[in-house]
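Asks: Just the structure for this:
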Amino acid sequence: CRDDTKYWTKGSDRVSYNTVIAAHAAVGTLESAHKAEELLQLLNQKYMNIIANTNSINEKEVRDDLKPDIYCYNTIISAWLNTGVVEGFDRAEWLLKMMLNKESANTNDDFQTIMESADVKPDNVTFKSVIHTLSSSGYPDRAENWLDIYFENFDKDSDSIHSKDKSVIPGGYLFSSILRGYSRCENPKEAERILFKKDEYNEKDPKIFANVADYKEVFGAWLRISDPIESINRCKILLEKMLESNEIDGCTMPQIISCYNMIIKGIDKRGDVPKEKIQKFHGAIKYRLKS
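Replies: Got it, this is the predicted structure:
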């Protein structure tokens, strides 16, 4: 690609830039994320310079081959998420807010102008990467906030959830990701809340429902808490809910018994649950299983 921006050749297009940007993103350091952003700024500058000199160049071809697109911005967001540090997460969230026009101006940020002029909107990959990374990195509350924003892109007046932007398609797996995040932060109450929240969305979209894997994750979280009484009580209540529900995907009797056995092993491993409580648990669940 010649330095003279009045001309342009196919030697250095958007794909070429994004390949190098992706290489920086994979490194996983703050320095590499900054370099990735700098490359996108350079790509955008080349595009803007060429647009200003379109006398001998087909503008559509330039726009198609050089203009930064959603793949470029998703790669930049991945670069910041891959750093694994709060500063990187903050930057990734800021970029997503800019794409949604939800962030106020920051005159000290050189990337501000590019983001304000970028004709791109977040897609499924954008939300998925932010939600999964925040959930697995110990910030399920921040991930849940993005899940709620995710659903703001949908028509709530429809009988089922239909995307206003067909490239954005929420799925139940995002709820599960956040649920695991709370569980692994040793917060079973919040994990259980997400379990029920997922079921609430089932009324809007039948493809979203709490499955057996979700229940097992919450059981595990309750079995790890310090209070043995609350631990067995919550497990009992949730297991009874499983038995009552007809909306759990693949919730067969063998799978319910598998959850029951998981709880029993967890209780035995704890060694601090009163015997009378264990006996009551056995009696209540076995009675439900027989009925």
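Asks: Verify the stated contact: L174 with L134.
Replies: No: with contact defined as C-beta atoms under 8 Å, L174 does not reach L134; the gap is 11.1 Å. Just so you know, the C-beta spots here come from the backbone N, C-alpha and C atoms, and that holds for glycine as well.
Asks: Okay, now the unreliable bits of this protein?
Replies: Applying pLDDT under 70 to the chain picks out residues 1-12, 54-64, 102-110, 113, 115-118, 154-170, 245-251, 291.
Asks: for the chain, longest helix please?
Replies: Ranked by residue count, the top helix of the chain under DSSP state H comes out as helix 30-51.
Asks: Just the buried residues of that one, please?
Replies: Buried residues in helix 30-51, defined by neighbour count with 16 or more other C-beta atoms under 10 Å: 30, 32-33, 35-37, 39-40, 43-44, 46-47, 50.
Asks: repeat for stretch 281-291
Replies: By 16+ other C-beta under 10 Å, the buried positions in stretch 281-291 come out as 281, 285, 288.
Asks: Please work out which residues outside that stretch touch it.
Replies: Outside stretch 281-291, the residues that touch it by C-beta atoms under 8 Å, 6 or more residues apart in numbering are 232, 235-236, 239-240, 243, 253, 256-257, 260, 263, 267.
Asks: repeat that for 6 Å
Replies: Outside stretch 281-291, the residues within contact range by C-beta atoms under 6 Å, 6 or more residues apart in numbering are 232, 236, 243, 260.
Asks: What helix or strand is the third one located in?
Replies: Element membership of L243 [criterion: DSSP states H and E] is helix 228-244.
Asks: Show me what the helix or strand following that helix is packed up against.
Replies: Toward the C-terminus, helix 228-244 is succeeded by helix 253-270 as the next helix or strand (DSSP H and E). When contacts are defined as 3 or more C-beta pairs under 6 Å, 6 or more residues apart in numbering; DSSP states H and E, helix 253-270 sits against helix 212-223.
Asks: and if we set it to 10 Å?
Replies: helix 212-223, helix 228-244, helix 275-290 (3 or more C-beta pairs under 10 Å, 6 or more residues apart in numbering; DSSP states H and E).
Asks: Adding distance to G181, write those helices out as a markdown table.
Replies: Formatted as a markdown table, these follow (distance: least, C-beta to C-beta, whole Å):
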| stretch | distance to G181 |
| --- | --- |
| helix 212-223 | 10 |
| helix 228-244 | 18 |
| helix 275-290 | 28 |
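Asks: May I see the buried residues of stretch 141-155?
Replies: Neighbour counts over stretch 141-155 (16+ other C-beta under 10 Å) mark 142-144, 146-147, 149-151, 153-154 as buried.
Asks: Which ones among these lie within helices?
Replies: Assigned to helices by DSSP H, the following of the buried residues of stretch 141-155 qualify: 142-144, 146-147, 149-151.
Asks: State the pair within those that is farthest apart.
Replies: Within these, R142 and F151 form the most distant pair, 15.8 Å apart (C-beta to C-beta).
Asks: circling back to that earlier point, just flag the most distant two among the contacts of stretch 281-291.
Replies: Across the contacts of stretch 281-291, the longest distance by C-beta to C-beta is 16.4 Å; it joins I232 and L243.
Asks: Compare neighbour counts for those two and give me the winner.
Replies: Higher neighbour count among I232 and L243: I232, with 22 against 17, using other C-beta atoms under 10 Å.
Asks: Is it correct that that one is in contact with K275?
Replies: No: using C-beta atoms under 10 Å, I232 is not in contact with K275; the gap is 11.3 Å.
Asks: Which residue comes closest to L100 once chain neighbours are left out?
Replies: Among residues not flanking L100 along the chain, P122 sits closest, at 6.5 Å (C-beta to C-beta, 6 or more residues apart in numbering).
Asks: quick one, phi psi at that neighbour?
Replies: The phi/psi pair for P122 (degrees, to the nearest 10) reads phi -60, psi 150.
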